[in-house]
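Visitor: One predicted model, sequence on top.
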Amino acid sequence: MQDTKENALEQAKRKINGIIQFLNSTTACFTGHRSQKLPWGFNEKDKRCIAMKVELRFEIEKAIQRGYKTFLCGMALGFDTICAETVLDLKEKYDNIKIIGALPCKTQDRNWTNKNKERYRNLLARLDGVRCLYDDYIGRECMFERNRYMVNNSSLMIALFNEVTGGTKSTIDYAKRQGLEIVIIKP
């Protein structure tokens, strides 16, 4: 009797793992620098930012054509915000895609300007879902946990990376160790 229960449990675990692998195989995540670390700063009308947005849109559409349907976004200022806006715009063309906000904490925007808070909250309202790890900011660890959550639930990462050490580099390094395919866009 014990063997039968253990067999059933093992079969259930394999089935769940198969479902998780399938979901991960159709999920992509984003990582990239905050506005302060980008050559154009907060000026999204800068020609370098416009060129990056074109390349980002191309890479997201390429992922969609390869079968990616869910996109995880950390919703930070800078690249994350641009990614969320791009996927939301592409939902008009591809109605089967989803974007999920992966928030480190509910108070992520606490120290942002009113303009950035408004943009963020408007985006949150348009997402297909939100996964929030903590109620309040508990230190940088909640940011790292958010990044690991996105990587652990994806098979593709689209990154904006300028070779500077920090959270983006750590996330890319973690994604490499987890075996994700990584597309790097240079700012």
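Guide: Here it is on my side, so go on. Numbering: from 1, shown residues only.
Visitor: C-alpha only now, for contacts and for neighbours.
Guide: Will do.
Visitor: Tell me the helix or strand right after the least confident helix or strand in the chain by mean pLDDT.
Guide: Across the helices and strands of the chain, the lowest-confidence element by mean pLDDT, DSSP states H and E is helix 2-25, at a mean of 59. Moving toward the C-terminus from helix 2-25, the next helix or strand (DSSP states H and E) is strand 27-32.
Visitor: and that following strand, which strands flank it?
Guide: Its sheet considered, strand 27-32 pairs with strand 70-73 (parallel), strand 156-160 (parallel) by DSSP bridges.
Visitor: looking at these, which is buried most?
Guide: strand 70-73 (a mean of 27; mean count of other CA atoms under 10 Å).
Visitor: And the next helix or strand after that one, what's buried?
Guide: Using DSSP H and E, the next helix or strand after strand 70-73 towards the C-terminus is helix 79-90. Residues of helix 79-90 classed as buried under the neighbour-count rule (16 or more other CA atoms under 10 Å) are 79, 80, 81, 82, 83, 84, 85, 86, 87, 88, 90.
Visitor: Next, format these as a markdown table and append distance to residue 165.
Guide: A markdown table is the format used below for these (distance: CA to CA, whole Å):
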| residue | distance to residue 165 |
| --- | --- |
| 79 | 16 |
| 80 | 18 |
| 81 | 21 |
| 82 | 21 |
| 83 | 21 |
| 84 | 24 |
| 85 | 26 |
| 86 | 26 |
| 87 | 27 |
| 88 | 29 |
| 90 | 31 |
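Visitor: Residue 120: which of those is nearest?
Guide: Taking CA to CA as the measure, residue 120 lies nearest residue 81 of the buried residues of helix 79-90, at 7.5 Å.
Visitor: Surely the closest one is in contact with residue 120?
Guide: Yes: using CA atoms under 8 Å, residue 81 is in contact with residue 120, at 7.5 Å.
Visitor: Which neighbours do these two have in common?
Guide: Taking CA atoms under 8 Å, 6 or more residues apart in numbering as the criterion, residue 81 and residue 120 both touch residue 75.
Visitor: Looking at strand pairing, list the partners for the residue most central in space within the chain.
Guide: The centre of the chain sits closest to residue 73, judged by CA atoms, centre = their mean, with a distance of 2.9 Å. When assigned by DSSP bridges, residue 73 has beta-bridge partners residue 101.
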